[in-house]
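In: Need a 3D model of the sequence below.
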Amino acid sequence: MPVKKKKVAVKAKKAVPKKAAPAKKKSVVAKRGIPIPKFPLPAKKKYTVYIGQSAFFPQNSENGYIDLFQEGRCTAIPNRDLHTPIVVPVGATLNSISIHYINTTANPVLCLFLRLHADKFAPSGTVEMSFINMPPAILPPNNYPTVTDTTFADGNIIQDRYLHFLEIHGTGDFGAAGKITVRGVSFTYTY
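Out: Model prediction:
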(Lines give C-alpha, C1' and ligand atoms only; values in the text may rest on other atoms or scores of the structure.)
Protein backbone atom coordinates (compact mmCIF):
# COMPACT_ATOMS: atom_id res chain seq x y z
CA MET A 1 0.00 0.00 0.00
CA PRO A 2 1.30 3.37 -0.86
CA VAL A 3 2.71 5.47 1.97
CA LYS A 4 1.02 8.71 2.59
CA LYS A 5 3.21 11.66 2.90
CA LYS A 6 2.58 13.83 5.83
CA LYS A 7 2.09 17.46 5.22
CA VAL A 8 4.44 19.52 7.24
CA ALA A 9 3.11 22.83 8.31
CA VAL A 10 5.52 25.66 7.88
CA LYS A 11 5.11 28.49 10.28
CA ALA A 12 5.35 31.91 8.73
CA LYS A 13 7.94 34.09 10.30
CA LYS A 14 6.69 37.22 11.88
CA ALA A 15 7.64 40.35 10.03
CA VAL A 16 10.05 42.36 12.08
CA PRO A 17 9.50 46.05 11.69
CA LYS A 18 12.50 47.83 10.20
CA LYS A 19 14.29 50.26 12.43
CA ALA A 20 14.52 53.77 11.14
CA ALA A 21 18.00 54.86 10.08
CA PRO A 22 19.65 56.99 12.72
CA ALA A 23 19.39 60.70 11.93
CA LYS A 24 22.62 62.19 10.65
CA LYS A 25 24.13 64.78 12.86
CA LYS A 26 24.44 68.19 11.31
CA SER A 27 28.01 69.16 10.65
CA VAL A 28 29.58 72.23 12.12
CA VAL A 29 29.69 73.75 8.63
CA ALA A 30 25.94 73.21 8.16
CA LYS A 31 25.16 74.82 11.51
CA ARG A 32 27.41 77.85 11.23
CA GLY A 33 27.77 78.26 7.50
CA ILE A 34 31.55 78.70 7.48
CA PRO A 35 33.99 76.82 9.67
CA ILE A 36 35.72 79.00 12.21
CA PRO A 37 39.43 78.34 12.48
CA LYS A 38 40.70 77.47 15.92
CA PHE A 39 43.82 79.58 15.49
CA PRO A 40 44.33 83.20 14.46
CA LEU A 41 44.85 83.81 10.78
CA PRO A 42 48.38 84.89 9.88
CA ALA A 43 48.82 88.64 9.70
CA LYS A 44 49.66 90.14 6.34
CA LYS A 45 53.34 90.93 5.90
CA LYS A 46 54.96 93.98 4.39
CA TYR A 47 57.55 93.42 1.65
CA THR A 48 60.01 95.76 -0.06
CA VAL A 49 61.38 95.10 -3.55
CA TYR A 50 64.32 96.91 -5.17
CA ILE A 51 64.78 97.03 -8.94
CA GLY A 52 68.09 98.31 -10.29
CA GLN A 53 68.64 100.53 -13.31
CA SER A 54 69.57 97.52 -15.46
CA ALA A 55 65.88 96.50 -15.56
CA PHE A 56 64.93 99.66 -17.49
CA PHE A 57 64.81 99.49 -21.29
CA PRO A 58 63.71 101.91 -24.01
CA GLN A 59 60.25 101.58 -25.48
CA ASN A 60 61.80 101.17 -28.94
CA SER A 61 65.04 99.21 -29.28
CA GLU A 62 66.49 101.67 -31.83
CA ASN A 63 66.55 104.32 -29.06
CA GLY A 64 69.17 102.26 -27.22
CA TYR A 65 70.35 102.96 -23.70
CA ILE A 66 73.49 104.14 -21.94
CA ASP A 67 74.60 102.97 -18.50
CA LEU A 68 76.32 105.71 -16.57
CA PHE A 69 77.09 103.35 -13.66
CA GLN A 70 76.44 105.28 -10.39
CA GLU A 71 74.58 107.99 -12.30
CA GLY A 72 71.97 105.56 -13.66
CA ARG A 73 70.64 104.63 -17.08
CA CYS A 74 69.19 106.81 -19.83
CA THR A 75 68.24 106.40 -23.47
CA ALA A 76 71.02 106.82 -26.05
CA ILE A 77 68.79 109.20 -28.03
CA PRO A 78 67.92 112.07 -25.66
CA ASN A 79 64.30 112.70 -24.67
CA ARG A 80 63.11 109.08 -25.01
CA ASP A 81 61.32 106.80 -22.50
CA LEU A 82 62.52 103.93 -20.33
CA HIS A 83 60.26 101.14 -19.04
CA THR A 84 60.45 98.42 -16.39
CA PRO A 85 57.91 95.83 -15.17
CA ILE A 86 56.56 96.01 -11.64
CA VAL A 87 55.76 92.51 -10.39
CA VAL A 88 53.40 92.35 -7.39
CA PRO A 89 51.15 89.39 -6.38
CA VAL A 90 47.48 89.62 -7.34
CA GLY A 91 45.47 90.76 -4.33
CA ALA A 92 48.40 92.53 -2.69
CA THR A 93 48.03 96.09 -1.43
CA LEU A 94 50.60 98.35 -3.02
CA ASN A 95 51.81 100.80 -0.37
CA SER A 96 54.33 102.94 -2.23
CA ILE A 97 56.57 103.29 -5.28
CA SER A 98 59.83 105.23 -4.95
CA ILE A 99 61.83 106.28 -8.00
CA HIS A 100 65.55 106.97 -7.58
CA TYR A 101 66.82 109.28 -10.32
CA ILE A 102 68.98 112.17 -11.46
CA ASN A 103 67.49 115.26 -13.07
CA THR A 104 69.98 118.10 -13.47
CA THR A 105 67.94 119.80 -16.22
CA ALA A 106 65.57 122.70 -15.61
CA ASN A 107 62.51 120.58 -16.53
CA PRO A 108 60.44 118.17 -14.44
CA VAL A 109 60.05 114.62 -15.74
CA LEU A 110 56.85 112.61 -15.68
CA CYS A 111 56.79 108.95 -14.66
CA LEU A 112 53.67 106.87 -15.17
CA PHE A 113 52.70 103.75 -13.26
CA LEU A 114 50.62 101.86 -15.84
CA ARG A 115 48.74 98.63 -16.26
CA LEU A 116 47.79 96.79 -19.40
CA HIS A 117 45.21 94.01 -19.53
CA ALA A 118 46.88 90.60 -19.96
CA ASP A 119 44.70 89.95 -23.03
CA LYS A 120 45.89 93.35 -24.33
CA PHE A 121 42.26 94.47 -24.36
CA ALA A 122 41.13 97.65 -22.67
CA PRO A 123 39.02 100.53 -23.98
CA SER A 124 42.00 102.92 -23.81
CA GLY A 125 44.88 100.46 -24.11
CA THR A 126 47.01 101.06 -21.05
CA VAL A 127 45.42 102.44 -17.89
CA GLU A 128 47.21 105.03 -15.77
CA MET A 129 47.43 103.93 -12.14
CA SER A 130 49.50 106.94 -11.02
CA PHE A 131 51.33 110.03 -12.30
CA ILE A 132 54.64 110.67 -10.54
CA ASN A 133 56.49 113.96 -10.94
CA MET A 134 60.31 113.82 -10.92
CA PRO A 135 61.39 117.46 -10.43
CA PRO A 136 64.89 118.80 -11.01
CA ALA A 137 66.86 118.18 -7.85
CA ILE A 138 70.39 118.17 -6.54
CA LEU A 139 70.88 116.19 -3.37
CA PRO A 140 74.39 116.16 -1.87
CA PRO A 141 76.59 114.25 -1.47
CA ASN A 142 75.92 111.98 -4.46
CA ASN A 143 72.94 113.61 -6.19
CA TYR A 144 70.53 110.76 -5.44
CA PRO A 145 67.01 112.23 -5.19
CA THR A 146 63.97 110.01 -4.66
CA VAL A 147 60.26 110.65 -5.21
CA THR A 148 57.61 108.46 -3.60
CA ASP A 149 53.97 107.96 -4.53
CA THR A 150 51.40 106.28 -2.28
CA THR A 151 48.08 106.68 -4.08
CA PHE A 152 47.00 104.30 -6.82
CA ALA A 153 43.79 103.27 -8.56
CA ASP A 154 41.45 100.57 -7.20
CA GLY A 155 42.29 101.27 -3.55
CA ASN A 156 45.92 100.24 -4.08
CA ILE A 157 44.85 96.60 -4.60
CA ILE A 158 46.62 94.76 -7.44
CA GLN A 159 43.92 93.40 -9.75
CA ASP A 160 44.03 90.07 -11.60
CA ARG A 161 44.79 89.84 -15.34
CA TYR A 162 46.91 93.00 -15.56
CA LEU A 163 50.56 93.65 -16.45
CA HIS A 164 52.05 96.52 -14.42
CA PHE A 165 55.00 98.68 -15.43
CA LEU A 166 56.70 102.08 -15.02
CA GLU A 167 57.27 104.43 -17.93
CA ILE A 168 59.76 107.27 -17.36
CA HIS A 169 59.59 110.01 -20.00
CA GLY A 170 62.36 112.09 -21.51
CA THR A 171 65.56 110.49 -20.24
CA GLY A 172 68.91 111.28 -21.79
CA ASP A 173 72.14 113.20 -21.61
CA PHE A 174 71.44 116.75 -22.85
CA GLY A 175 75.03 117.98 -22.56
CA ALA A 176 75.30 121.44 -20.98
CA ALA A 177 71.52 121.39 -20.30
CA GLY A 178 71.96 118.47 -17.87
CA LYS A 179 70.90 114.85 -17.77
CA ILE A 180 67.94 112.74 -16.72
CA THR A 181 68.70 109.18 -15.64
CA VAL A 182 67.03 106.43 -13.68
CA ARG A 183 68.98 104.83 -10.84
CA GLY A 184 66.30 102.34 -9.88
CA VAL A 185 62.94 101.90 -8.25
CA SER A 186 61.79 100.42 -4.96
CA PHE A 187 58.29 99.60 -3.85
CA THR A 188 56.52 98.20 -0.81
CA TYR A 189 53.41 96.07 -0.67
CA THR A 190 51.40 94.13 1.91
CA TYR A 191 50.36 90.56 1.21
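In: Next, work out how far apart residue 189 and residue 156 are.
Out: 9 Å (CB to CB, to the nearest Å). Placement of C-beta: from N, CA and C, glycine included.
In: More neighbours: those two, which one.
Out: Neighbour count, other CB atoms under 10 Å: between residue 189 and residue 156, residue 189 has more, with 21 against 17.
In: Confirm that that one sits in a helix.
Out: No. In this structure, residue 189 is strand, not part of a helix, as judged by DSSP: H, G, I helix; E, B strand; the rest coil.
In: Show the contacting residues for the nearest residue to it once chain neighbours are set aside.
Out: Closest residue in space to residue 189, ignoring its immediate chain neighbours: residue 92 at 4.5 Å, by CB to CB, 6 or more residues apart in numbering. Residues near residue 92 by CB atoms under 8 Å, 6 or more residues apart in numbering: 157-158, 189-191.
In: One more: residue 63?
Out: With CB under 8 Å, 6+ apart, residue 63 has these contacts: 75-77, 80.
In: Ok, residue 161 next?
Out: 117-119.
In: Let's see that with 7 Å instead.
Out: 117-118 (CB atoms under 7 Å, 6 or more residues apart in numbering).
In: Quick check: the two most widely separated of the contacts of residue 63?
Out: 76 and 80 (8.1 Å; CB to CB).
In: so where's this structure uncertain?
Out: 1-38, 41, 120-125 (pLDDT under 70).
In: make it 50
Out: Scanning the chain for pLDDT under 50 picks out 28-29.
In: neighbours of the nearest residue to residue 58 once chain neighbours are set aside, just the number please.
Out: Excluding the flanking residues, the one nearest residue 58 by CB to CB, 6+ apart is residue 75, at 5.0 Å. By the criterion of other CB under 10 Å, residue 75 has 26 neighbours.
In: ok, now which ones touch the closest residue to residue 177 other than its chain neighbours?
Out: Spatially, and ignoring its direct neighbours in sequence, residue 177 is nearest to residue 105 (5.6 Å; CB to CB, 6+ apart). Residue 105 sits next to 136, 174, 177-178, 180 when contact means CB under 7 Å, 6+ apart.
In: rerun that using 8 Å as the cut-off
Out: Contacts of residue 105 (CB under 8 Å, 6+ apart): 136, 174, 177-180.
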